[in-house]
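S.K.: Using only what follows, build the 3D model:
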Amino acid sequence: MSAGHRTVIVCHWGRQNAAKVFMIGEFDVSGNNIKIYNAVDDLNDFPHVCLDSSGRVLVVDSWNNRIIMLNKDLQLERILVDHLDSNPFRLCYEEKVGQLYVGESVENVKVYAVSFPPSQPNHSKQAKR
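M.R.: Residues are numbered from 1 along each chain as shown. You can find the predicted model right below:
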């Protein structure tokens, strides 16, 4: 459920007119579409998202090796982190301390100090599964 609302954010993809369609939508508890983000580029089959306290949506765009930020209206606000090294697939945002954790497919977790503009990773750790 999104912050302060009785809604849910859903990532989905499919085909429309023989083209792949990647979307992130906000739906109310009755399943009605409130707003939707149509990705210009392929995000991936199952993009991972998290919300900040302002209702912005952080999205792992693993096929383009980046983290994007959508505003509360689900419009692209900015590319938060670009040129990630190794297929990002999960994220966690600790807003109170301003840290963004990005899990990569090679068992690494990169930690970013989230500022505007975002900083370079301040360190990397090997994650054990």
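S.K.: can we go C-alpha only for contacts and neighbour counts from here?
M.R.: Noted.
S.K.: For whichever helix or strand residue 79 is part of, enumerate the helices and strands it packs against.
M.R.: Here residue 79 sits within strand 76-81, counting by DSSP states H and E. In this structure, strand 76-81 packs against strand 66-70, with contacts taken as 3 or more C-alpha pairs under 8 Å, 6 or more residues apart in numbering; DSSP states H and E.
S.K.: Listing partners with orientation, what would you give for the strand it packs on?
M.R.: In the sheet, strand 66-70 lines up against strand 57-61 (antiparallel), strand 76-81 (antiparallel) (DSSP bridges).
S.K.: Which one, of the ones you listed, ends up nearest to residue 69?
M.R.: Residue 69 sits nearest to strand 57-61 of all the strands paired with strand 66-70, at 4.6 Å, using C-alpha to C-alpha.
S.K.: roughly how far is that closest one from the heart of the chain?
M.R.: Put simply, strand 57-61 sits 1 Å off its chain's centre (C-alpha atoms, centre = their mean, to the nearest Å).
S.K.: send the alpha carbons of that strand over as CSV?
M.R.: C-alpha atoms of strand 57-61 as CSV (Å, rounded to 0.1, in the frame of the first residue of the first chain):
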residue,chain,number,x,y,z
VAL,A,57,8.4,5.7,-6.3
LEU,A,58,12.0,4.4,-6.7
VAL,A,59,12.2,1.7,-9.4
VAL,A,60,15.0,-0.7,-10.2
ASP,A,61,15.4,-0.6,-14.0
